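In: Generate a structure from the sequence data that follows.
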Amino acid sequence: MKSKTEEFYDSNAETFSSSTLHLDLSDLYFQFLRNLTRGRAILDVGCGSGRDSKFFYENGFSVTSIDSSSEMVKLAIRNTGLTVLKMNVEEIDFESAFNGIWACASLLHIPSATLPSVFLKLARALKQGGILYCSFKYGAFEGERNGRYFTDLVSDRLDALVSGSGLVLESHWITEDLRPTHSNEKWLNSIFLKK
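Out: Numbering: from 1, shown residues only. Okay, the predicted model is just below:
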């Protein structure tokens with residue numbers, strides 16, 4: 001059965017894609033890729049329109065893209081020409097398969113009670129020395145907002161949810177939303193390493 005969040009993205013795929021497809025995430029890409037060399041394997045979790053998967057692929061990385069929304073998967077295939085798997089992050093079952101995992105504005109739709117098990121799965125999917133980037137709306141709200149479920153986080157709360165997964169914090173930083181219509185929102189960006 002589809003969640004309300006999946007229903008939202010299935011119903012609003014084109015609109016959402018057009019509002020995010022051309023955002024310039026070069027600063028975030030730099031932070032994520034500075035420890036990854038070309039040819040390395042990246043998992044794009046909740047790839048949405050495929051914007052980031054396309055960037056990684058065009059810059060020489062091996063990319064596996066997943067999204068839980070059927071309509072977003074179709075859009076990502078159209079936008080990237082890559083294979084995109086319809087898969088919820090809670091269903092992933094990879095082991096030591098990736099050098100990097102990119103979870104940009106995707107894990108924020110998972111209830112906080114479920115996040116520790118998700119971080120365990122992501123850690124298992126990473127190779128030793130692998131890197132995880134994730135971003136959450138900055139704050140303490142949890143629940144439904146605008147037709148989707150959100151878990152907003154601050155750094156201490158995220159650290160507590162990740163602890164026990166085998167992932168070690170490299171850095172947290174705050175950024176402003178790049179969409180003009182969301183300029184009052186802030187994001188918690190984080191990089192964790194599998195030591």
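In: Quick one: the helices in the protein, in order.
Out: Here the chain has its helices, by DSSP state H, at 4-20, 26-33, 51-58, 70-80, 115-125, 155-162.
In: Same list, those helices, but as JSON lines with mean pLDDT and mean neighbour count please.
Out: All C-beta spots, glycine's among them, are computed from the backbone N, C-alpha and C. Shown next, in JSON lines, are these (pLDDT from 0 to 100; neighbours: other C-beta atoms under 10 Å):
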{"stretch": "helix 4-20", "mean pLDDT": "78", "mean neighbour count": "16"}
{"stretch": "helix 26-33", "mean pLDDT": "96", "mean neighbour count": "16"}
{"stretch": "helix 51-58", "mean pLDDT": "97", "mean neighbour count": "20"}
{"stretch": "helix 70-80", "mean pLDDT": "94", "mean neighbour count": "20"}
{"stretch": "helix 115-125", "mean pLDDT": "98", "mean neighbour count": "19"}
{"stretch": "helix 155-162", "mean pLDDT": "98", "mean neighbour count": "17"}
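In: Let me have those helices in a markdown table, extended by distance to I92.
Out: Below are the helices of the chain laid out as a markdown table (distance: least, C-beta to C-beta, whole Å):
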| stretch | distance to I92 |
| --- | --- |
| helix 4-20 | 16 |
| helix 26-33 | 19 |
| helix 51-58 | 16 |
| helix 70-80 | 15 |
| helix 115-125 | 5 |
| helix 155-162 | 16 |
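In: Can you give me every residue that contacts the residue most central in space within the chain?
Out: Against the mean C-alpha coordinate of the chain, by C-alpha atoms, centre = their mean, the closest residue is A103 at 1.7 Å. By C-beta atoms under 8 Å, 6 or more residues apart in numbering, the contact set of A103 is 45-46, 89, 122, 132-135.
In: returning to what we had before: mind checking which of the helices of the chain is nearest W173?
Out: Closest of those to W173 is helix 26-33, at 7.9 Å (criterion: C-beta to C-beta).
In: quick check: angle from the closest one to helix 51-58?
Out: Interaxial angle of helix 26-33 relative to helix 51-58 (axes from the mean of the first three to the mean of the last three C-alpha atoms, to 10 degrees): 60 degrees.
In: now helix 26-33, how far from the centre of its chain.
Out: Counting by C-alpha atoms, centre = their mean, to the nearest Å, helix 26-33 is centred 13 Å from the centre of its parent chain.
In: returning to what we had before: a markdown table for the contacts of A103, including distance to T5?
Out: As requested, the contacts of A103 are exported to a markdown table (distance: C-beta to C-beta, whole Å):
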| residue | distance to T5 |
| --- | --- |
| V45 | 14 |
| G46 | 10 |
| V89 | 12 |
| L122 | 19 |
| L132 | 21 |
| Y133 | 21 |
| C134 | 17 |
| S135 | 16 |
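In: now, which of the residues you listed sits nearest L193?
Out: Scanning the contacts of A103 for proximity to L193, where the rule is C-beta to C-beta, the winner is L132, at 7.6 Å.
In: Pairing partners for the longest strand belonging to the chain, with directions?
Out: Assignment by DSSP state E gives strand 126-137 as the longest strand of the chain. With DSSP bridges as the test, strand 126-137 is paired with strand 98-103 (parallel), strand 186-194 (antiparallel).
In: Please consider this matter closed, and thank you.
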